[in-house]
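Colleague: based on what follows, work out the 3D shape:
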Amino acid sequence: MSLTLYYHPLSSFCMKALMALYENATPFTPHLVDLGGAAQRAKFIELWPAGKFPVLRDDARDRKVPESSIIIEYLLQHYPAPQGAHCAVSGARTGFGRTILAAMSAPQNLVRL
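Modeller: Residues are numbered from 1 along each chain as shown. Below you'll find the model as predicted:
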């Protein structure tokens, strides 16, 4: 896969980026980074010197995209959701981004799994 998301599950910013990727039905490889491990931390700092999560690496376009909001904008521009895509977050058929914005403004809209 050309997209790899470097993330940590305790980061709410990473969850925002993950929601966008899943809602958009974009194929990607999740890469959990353990910052407690010296080797993984060094590899992550080499990838993104700021050392902040999340970072999306797009091998097809040779880009590294940091920060959840910028990742969402990047996905909207380069990986638009197919028409009528099923939203894994709300269970509804929706356009990309609508469910994320609704969830951010009203967390009770999220379906509990």
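Colleague: so where's the chain uncertain?
Modeller: Applying pLDDT under 70 to the chain flags the ranges 1, 83-113.
Colleague: residue ranges of the strands in it, please?
Modeller: Counting by DSSP state E, the chain has strands at residues 3-7, 29-32, 55-58, 63-66.
Colleague: what sits up against the longest one?
Modeller: The set of residues external to strand 3-7 that reach it, using CB atoms under 8 Å, 6 or more residues apart in numbering, is 14, 17-18, 21, 26-33, 44, 47-48, 53-60, 71, 79. From N, CA and C alone the C-beta is placed, and that goes for glycine too.
Colleague: among these, which ones are buried?
Modeller: Buried members of these, counted by 16 or more other CB atoms under 10 Å: 14, 17-18, 21, 26, 28, 31, 33, 44, 48, 53-58, 71, 79.
Colleague: among the residues you listed, which are in helices?
Modeller: C14, A17, L18, L21, F44, I71 (DSSP state H).
Colleague: give me the distance between the residue lying farthest from the centre of the chain and W48.
Modeller: Distance from the centre of the chain peaks at A38, with 24.2 Å (CA atoms, centre = their mean). Distance of A38 to W48, computed by CB to CB, to the nearest Å: 17 Å.
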